[in-house]
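**Student:** the following block contains a protein sequence and its predicted model.
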Amino acid sequence: MSALLGKKLGMTQVFNEKGDCVPVTVVQVERCVPVLKRTVEKDGYDAVLLGYGNRKPKHTNKPLQGFYDRHKVEPARILKEFRNQDVDDDAIGKPIKVDIFSEGDEVEVVGVTKGRGFAGVFKRYNYGGAPASHGHHESYRGTGSVGMHTYPGRVLKGMGMPGRMGGKTKHLKNLKVVRVDVENNVLLLKGSVPGANGGLLRIFKS
Amino acid sequence: MNLVDQIEAKEMKKDVADVHIGDTVKVHMRIVEGEKERIQVIEGVVIKMRGSGARKTLTVRKISFGIGVERIFPFHSPRVEKIEIVKRAKIRQAKLYYLRELRGKAARLKELKPVRPTTKTKKAPKRGKKAKAAKAAKASS
């Protein structure tokens, strides 16, 4: 088992043993429990279903309560499946601690990026726009040319244009674990991770 | 205190000098050259401080061989061995960028003497009810 769900708390910096400043994201792991295991024989693929947080009884409807009762786990707020993971049968229902990772490990992080709404090409694709002076008028932040003429006579696929930005699942690989704090169940990951503070993250070993 | 602040608090040094903008300081830097480790002292004026908690930094400006040199130190870095305050100056700005344009005599700061008290201690009242009560307590003990 080398996967867990966590909450992004924010960023700060710490000093490593050399004395260098390392930018880190603080990830807190609250209640994170394996709920059930899927196997190739039974389900056609290997996976572990993890539950995160606590769900109040008034928010747990009867079918859901039945599901949790069947697996003898307290209801969780969120359920996420992790493929190609294995878990011991007696570990099901017991909270996962951050010590499944150790310092220096490389992990993958999946989160949902901050939503930017309908964004222009400046923000969305880092286009440069047009000069502010030398006779330019009206279009300063525009896309510019989107293609050629009669040939090909269409706009090529992948052309950057304004539209909805952010709010999408982003998968980061090879993030270093800088520190593991078992006492607070907190991980420090080097660099930034997707999403706003308080957002849910899926973390697993590369 | 939230968890991020707690983590920062652990990174911070406990006994640090009470540095202000405009102070002339000696920063003792630990420098590792290959195997050897030595301490280099950089003396100059603090022209800028920014950040809070473990992310606090200070910018020290000195004139080295006629050329102005500025160096930014993370306040709580383990590489900064110690910060010594040489003198304090009276300043009216929070950032002393104007020193960059000035040379020689013009770049001096008005010295503040004596060194600013770092913590305010309340004087015991000489008259009134509280003073009498204190006196009585002292006499009885």
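**Tutor:** Structure received. From a predicted model like this one, the values you see are computed outputs, not experimental measurements. Residues are numbered from 1 along each chain as shown, chains lettered A, B, ... in the order given.

**Student:** rest of the way, CA atoms for contacts and neighbours
**Tutor:** Noted.

**Student:** got a list of contacts for the helix ranked longest in chain A?
**Tutor:** Longest helix in chain A, counting residues (DSSP state H): helix A:62-71. Helix A:62-71 is contacted by residues A:35-36, A:74-75 when judged by CA atoms under 8 Å, 6 or more residues apart in numbering or on different chains.

**Student:** all helices of the chain, in order?
**Tutor:** Because you didn't say which chain, this covers chain A. For chain A, the helices defined by DSSP H occupy A:40-43, A:62-71, A:121-125.

**Student:** was after chain B, sorry
**Tutor:** Ranges of helices within chain B are B:3-11, B:129-140, based on DSSP H.

**Student:** elements contacting the first one?
**Tutor:** Put plainly, it is helix B:3-11. For helix B:3-11, the helices and strands in contact under the criterion 3 or more CA pairs under 8 Å, 6 or more residues apart in numbering or on different chains; DSSP states H and E are strand A:3-15.

**Student:** give me the neighbour count for A:N197.
**Tutor:** 16 (other CA atoms under 10 Å in any protein chain shown).

**Student:** got the residues of chain B near chain A?
**Tutor:** Residues of chain B lying near chain A by CA under 8 Å from any CA of the partner chain: B:3-4, B:8, B:11, B:54-55, B:77-79.

**Student:** just send those residues back as TSV, with neighbour count too.
**Tutor:** Formatted as TSV, the residues of chain B next to chain A follow (neighbours: other CA atoms under 10 Å in any protein chain shown):
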residue	neighbour count
B:L3	15
B:V4	18
B:E8	16
B:E11	19
B:A54	22
B:R55	18
B:S77	23
B:P78	20
B:R79	19
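
**Student:** as JSON lines, the residues you listed with pLDDT would be great.
**Tutor:** Below are those laid out as JSON lines (pLDDT from 0 to 100):
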{"residue": "B:L3", "pLDDT": "90"}
{"residue": "B:V4", "pLDDT": "91"}
{"residue": "B:E8", "pLDDT": "92"}
{"residue": "B:E11", "pLDDT": "90"}
{"residue": "B:A54", "pLDDT": "91"}
{"residue": "B:R55", "pLDDT": "92"}
{"residue": "B:S77", "pLDDT": "93"}
{"residue": "B:P78", "pLDDT": "92"}
{"residue": "B:R79", "pLDDT": "92"}
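
**Student:** break down chain B into its strands, ranges please.
**Tutor:** Ranges of strands within chain B are B:24-33, B:36-50, B:57-64, B:67-74, B:80-90, B:110-112, based on DSSP state E.

**Student:** for residue 131, which non-adjacent residue is spatially closest?
**Tutor:** Picking chain A for this. Nearest residue to A:P131 in three dimensions, chain neighbours excluded: A:Y140, at 6.6 Å (CA to CA, 6 or more residues apart in numbering or on different chains).

**Student:** meant chain B, my bad for not saying
**Tutor:** Excluding its sequence neighbours, the residue lying closest to B:A131 (CA to CA, 6+ apart) is B:P125, at 5.4 Å.

**Student:** tally of neighbours for that neighbour?
**Tutor:** B:P125 has 11 neighbouring residues, counting by other CA under 10 Å.

**Student:** any chance of the backbone angles for it?
**Tutor:** Dihedral pair for B:P125: phi -70, psi 140, per degrees, to the nearest 10.

**Student:** and the pLDDT at it?
**Tutor:** Looking at B:P125, its pLDDT stands at 73.

**Student:** sorry, back to before: between the helices of chain B, which one is closest to B:R100.
**Tutor:** Of all these, it is helix B:3-11 that lies closest to B:R100, at 32.4 Å by CA to CA.

**Student:** name the residues that touch the closest one?
**Tutor:** By CA under 8 Å, 6+ apart, helix B:3-11 touches A:9-15, A:26, B:53-54, B:76.

**Student:** over to stretch B:40-51?
**Tutor:** For stretch B:40-51, contacts defined as CA under 8 Å, 6+ apart pick out B:20-31, B:56-63, B:94-97.

**Student:** could you pick out the buried ones from the residues you listed?
**Tutor:** Buried members of the contacts of stretch B:40-51, counted by 16 or more other CA atoms under 10 Å in any protein chain shown: B:20-30, B:57-62, B:95-96.
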